[in-house]
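[1] Dropping a prediction and its sequence here:
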Amino acid sequence: MVAGGLDPSVNVMTDTTMDYLAIVRAALAEAVGIDEDEVKPTSTIVGDLEAESIDLLDALFRIERLAGVKIQATEITDLLLGELSAEEFEGPDGMVTDAGLDQLQRVLPQIDKHEFRGKLAADDVMSLLTVEDLASMVARRLAAADAG
Amino acid sequence: MLAETIHNAGSRVLIGADLVSVDRVASVLAAQPDLAREVFTGRELRYAAARRRGNEHLAARFAAKEAVFKALGTGLSRGMRWRDVEVVNAANGKPRLLLAGRADLIAERAGVWSAQISLSHAAGFALAFAALECSAEGRPDSSR
């Protein structure tokens, strides 16, 4: 549908994102077993959609088939951490560090890092991931693949 | 589904449980063969392949990994990999946990010195219950 030919210099939040969003919504709806209308861009995948791990694995497979881009479940963690090591991302108290929050703000633009400073447990990070965030990850992954 | 801590006389036990549909796991794995190699170790795959109800064994091992993640309080947010948690079987058939990579590192930091797993599968569902015993002194050398 949108595989291939994406100019990596193009802002992935342009109208091509709509295609990725449609793909991700369809994949999540099928995987979780709900109506696509219930999968809103701002829905959190774990919280609002109540997706279990097996549902997420299923959805990522469906995304691969539809978009031609493979994202493994564990890669979502890597994308969230960016260049930070796990130790740089999470402090000894289990909370996301300031550097970790800066990184999260980049990949989860809807969050307010100031609001979470010192209050966000690393265990809760996955619960912040929205449908739109996953669509953006798919777009970035495809852009990176094309650039490489 | 469940992750709690039991405190007892200076030591504590981290517990986690998970319940999965055997058909759900089997259908996702059947549609995506590469996924099985991402989630399970070669030893786990060979164990299940050699058994008549292999899908039930794989589903139980999937639940076991989730149960351990929950007990450690990590989900996948601390760089854990599915294959960091492996279920192996003793000669008497009793399942045993082997932790590696980030899972082992996080467990060591939590003072886990013993990791127990109990598995069950029936009526289309597989259940796993993990109990990780911790002590303030941490893990004795080669105790697990």
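    Happy to help now that I have it. Numbering: from 1, shown residues only, chains lettered A, B, ... in the order given.

[2] which secondary element of chain A has the worst mean pLDDT?
    helix A:73-81 (a mean of 80; mean pLDDT, DSSP states H and E).

[3] tell me what it is packed against?
    Under the contact criterion of 3 or more C-beta pairs under 8 Å, 6 or more residues apart in numbering or on different chains; DSSP states H and E, helix A:73-81 touches helix A:53-67, helix A:98-107, helix A:131-147. For glycine as for every other residue, the C-beta is placed from the backbone atoms N, C-alpha and C.

[4] Out of those, flag the one nearest chain B.
    helix A:53-67 (4.4 Å; C-beta to the nearest C-beta).

[5] For the closest one, C-alpha coordinates in CSV please.
    Output of helix A:53-67 as CSV, limited to C-alpha atoms (Å, rounded to 0.1, in the frame of the first residue of the first chain):
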residue,chain,number,x,y,z
SER,A,53,1.5,-9.3,24.5
ILE,A,54,0.2,-11.9,22.1
ASP,A,55,-2.2,-9.3,20.6
LEU,A,56,0.7,-7.0,20.0
LEU,A,57,2.8,-9.7,18.4
ASP,A,58,-0.2,-10.5,16.2
ALA,A,59,-0.7,-6.9,15.3
LEU,A,60,2.9,-6.4,14.4
PHE,A,61,2.7,-9.4,12.0
ARG,A,62,-0.4,-7.9,10.4
ILE,A,63,1.4,-4.6,10.0
GLU,A,64,4.3,-6.4,8.3
ARG,A,65,1.9,-8.0,5.8
LEU,A,66,0.1,-4.7,5.1
ALA,A,67,2.9,-2.2,5.1
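
[6] returning to that earlier point: next one: the least confident helix or strand of chain A to chain centre, how far?
    In terms of C-alpha atoms, centre = their mean, to the nearest Å, the centre of helix A:73-81 is found 8 Å from the chain centre.

[7] Identify the residues contacting the helix or strand that that helix is followed by?
    Note on helix A:73-81: by DSSP states H and E, the next helix or strand toward the C-terminus is helix A:86-89. Around helix A:86-89, the neighbours that count as contacts under C-beta atoms under 8 Å, 6 or more residues apart in numbering or on different chains are A:81, A:96-97, A:99-100, A:103, A:122, B:78-79, B:102.

[8] Counting neighbours, which of those residues comes out on top?
    Taking other C-beta atoms under 10 Å in any protein chain shown as the neighbour criterion, A:Val96 ranks highest of the contacts of helix A:86-89 with 27 neighbours.

[9] And the pLDDT for the spatially closest residue to it that is not a sequence neighbour?
    Among residues not flanking A:Val96 along the chain, A:Leu120 sits closest, at 4.5 Å (C-beta to C-beta, 6 or more residues apart in numbering or on different chains). A:Leu120 is assigned 93 on the pLDDT scale.

[10] my guess is A:Leu120 meets A:Leu101, correct?
    Yes - here A:Leu120 reaches A:Leu101: they are 6.9 Å apart, a contact under C-beta atoms under 8 Å.

[11] Can you give me the neighbour number for residue 120?
    I went with chain A, as the question did not name one. 22.

[12] nope, chain B
    B:Ser120: 13 neighbours (other C-beta under 10 Å).

[13] Likewise for B:Arg46?
    11.

[14] follow-up on the earlier one: relative to helix A:53-67, how tilted is the least confident helix or strand of chain A?
    For helix A:73-81 against helix A:53-67, the angle by axes from the mean of the first three to the mean of the last three C-alpha atoms, to 10 degrees is 90 degrees.

[15] Now do helix A:73-81 against helix A:98-107, angle only.
    Using the same axes, to 10 degrees: helix A:73-81 against helix A:98-107 is 110 degrees.

[16] Which residues does helix A:73-81 contact?
    Helix A:73-81 has contacts (C-beta under 8 Å, 6+ apart) with A:53, A:56-57, A:60, A:89, A:100, A:103-104, A:107-108, A:125-126, A:129, A:134, A:137, A:140, B:38, B:76-82.

[17] Give me the buried entries from those residues.
    A:53, A:56-57, A:60, A:89, A:100, A:103-104, A:107-108, A:125-126, A:129, A:134, A:137, A:140, B:76-82 (16 or more other C-beta atoms under 10 Å in any protein chain shown).

[18] Give me the secondary structure label for B:Glu86.
    Put simply, B:Glu86 is strand when judged by DSSP: H, G, I helix; E, B strand; the rest coil.

[19] which strand residues sit across from it in the sheet?
    In this entry, B:Glu86 is beta-bridged to B:Leu98, by DSSP bridges.
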